[in-house]
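A.B. asks: 3D, please:
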Amino acid sequence: MGKYTGLFFGLTTVDMIYTVCRHVGNNEKLKAQSLRCYAGGPAANAAVAFSALNGESGLHTSLGEHPVAQLARDDLAEHGVELFDYVSDSSRLPVVSSIMVNAQSGDRAVVYTHNQQLLQNDFRSKEIDFSTVDVVLCDGHYLEDAVTFALMAKEADVVVVLDGGSWKPGFEKLLELADYAICSDDFFPPGCQSQDEVFSFLGRYSLAGCAISKGEKPIVFQQGLEQESIEVPAVEAVDTLGAGDILHGAFCYQIINHSFAQSLQNAAQIASQACRYPGTRAWIAHQ
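C.D. replies: Predicted coordinates:
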């Protein structure tokens, strides 16, 4: 059997990750225990996770050729992710995140720059052969382009997964094309204030399955009208950064050959184990 192929459409950042003994207070300086630099963002981290599980990953994104962006480019190349970049401007800074991770608890604080709403260049200028693709994930960034990308995948009978980190205006267009929606507990469509209301909203669409992840708490999922839950394995968390993204990338790999519930369970196991290691890459060596 050949490798599974996944395409990931959305945000890539340059993440500067500082490990600290505690979070810094006002007007205070604090020496970091370590600094790591990776590609970040929902689509990028999911693509790396998919590749780490022996898949072939393609990342369609807006990164650019600024010297700072090279940090992310090198990381993606090291982890086997093929980059399709729709920025040709070498002077434009990529989205940069500064992340402080508490070494004691794994909790994090994030400051980031703003991303553009549209890709600089039309992704349709590159020929994409969806006939060899098993699954596509869209994280909701570059929404107009994401809808077109998802439509192209759908027309080629490729499974479309939506990463619902938080509601973005226009998300309903992606939901109309998605087969699965894996959402965080920060995902609240208009008029929704509870989990049941979110599931009711998602139930309006022709999804084969939808789920809400809640960190270390059980993942709740729905197929049809039935809601069930999956326990998340308990681990001693060193760093929770990117755990949701890893969950999504692992789910994309699993759903190709497993049921919805089994895919969620397998992905939760992988994402939980990733939290035992610092940063968003150290877990890969332990797969």
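A.B. asks: Going by C-alpha atoms from here, please, whenever you check contacts or count neighbours.
C.D. replies: Noted.
A.B. asks: so where is the stretch 51-200 of the chain shaky, pLDDT-wise?
C.D. replies: When residues are selected by pLDDT under 70, those of the stretch 51-200 of the chain lie in 115-118, 120-126.
A.B. asks: any idea where the strands of the protein begin and end?
C.D. replies: All strands of the chain, identified by DSSP state E, fall at 5-9, 13-20, 34-40, 56-61, 81-85, 95-102, 108-112, 135-138, 159-164, 180-184, 209-214, 217-223, 226-230.
A.B. asks: Of those strands, which is nearest Leu119?
C.D. replies: Nearest to Leu119, of all the strands of the chain, is strand 56-61, at 7.6 Å by C-alpha to C-alpha.
A.B. asks: Just give the strands next to that closest one in its sheet, each with its orientation.
C.D. replies: strand 5-9 (parallel), strand 81-85 (parallel) (DSSP bridges).
A.B. asks: what's in contact with the last one?
C.D. replies: Pointing back at strand 81-85 there. When contacts are defined by C-alpha atoms under 8 Å, 6 or more residues apart in numbering, strand 81-85 is touched by residues 47-48, 51, 56-64, 73, 76-77.
A.B. asks: cool, stretch 219-231 as well?
C.D. replies: 199, 203, 208-213, 217-218, 232, 261, 264-265.
A.B. asks: just the helices in this structure please.
C.D. replies: 42-52, 69-78, 143-155, 171-175, 195-202, 243-255, 260-274 (DSSP state H).
A.B. asks: any chance of the ones you listed in JSON lines, with distance to Leu162 and mean neighbour count too?
C.D. replies: Formatted as JSON lines, those follow (distance: least, C-alpha to C-alpha, whole Å; neighbours: other C-alpha atoms under 10 Å):
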{"stretch": "helix 42-52", "distance to Leu162": "10", "mean neighbour count": "30"}
{"stretch": "helix 69-78", "distance to Leu162": "21", "mean neighbour count": "17"}
{"stretch": "helix 143-155", "distance to Leu162": "9", "mean neighbour count": "20"}
{"stretch": "helix 171-175", "distance to Leu162": "7", "mean neighbour count": "20"}
{"stretch": "helix 195-202", "distance to Leu162": "12", "mean neighbour count": "16"}
{"stretch": "helix 243-255", "distance to Leu162": "9", "mean neighbour count": "27"}
{"stretch": "helix 260-274", "distance to Leu162": "14", "mean neighbour count": "22"}
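A.B. asks: Closest one to Gly165 out of the contacts of strand 81-85, please.
C.D. replies: Ala47 (15.8 Å).
A.B. asks: Could you double-check that that closest one sits in contact with Gly249?
C.D. replies: Yes. Assessed by C-alpha atoms under 8 Å, Ala47 is found in contact with Gly249 at 6.0 Å.
A.B. asks: one step back: looking at the strands paired with strand 56-61, which is closest to Cys138?
C.D. replies: Closest approach to Cys138 among those is made by strand 5-9 (4.9 Å; C-alpha to C-alpha).
A.B. asks: tell me the mean pLDDT over the closest one?
C.D. replies: Per-residue pLDDT over strand 5-9 has a mean of 98.
A.B. asks: List the contacts of the closest residue to Ser91 other than its chain neighbours.
C.D. replies: Excluding the flanking residues, the one nearest Ser91 by C-alpha to C-alpha, 6 or more residues apart in numbering is His66, at 5.6 Å. By C-alpha under 8 Å, 6+ apart, the residues touching His66 are Asp89, Ser90, Ser91, Arg92, Leu93, Pro94.
A.B. asks: one more time with 10 Å, if that's ok
C.D. replies: By C-alpha atoms under 10 Å, 6 or more residues apart in numbering, the residues touching His66 are Val87, Ser88, Asp89, Ser90, Ser91, Arg92, Leu93, Pro94.
A.B. asks: can you check Val133 too?
C.D. replies: The contact partners of Val133, taken as C-alpha under 10 Å, 6+ apart, are Tyr4, Thr5, Gly6, Leu7, Glu56, Ser57, Gly58, Ala153, Ala156, Asp157, Val158, Val159.
A.B. asks: For Asp186, see how far away the fifth one is.
C.D. replies: In this case it means Glu56. 30 Å (C-alpha to C-alpha, to the nearest Å).
A.B. asks: Next one: Leu177 from Leu59, what distance?
C.D. replies: According to C-alpha to C-alpha, Leu177 stands 19 Å off from Leu59.
A.B. asks: who's more crowded, those two?
C.D. replies: Leu59 (26 against 23; other C-alpha atoms under 10 Å).
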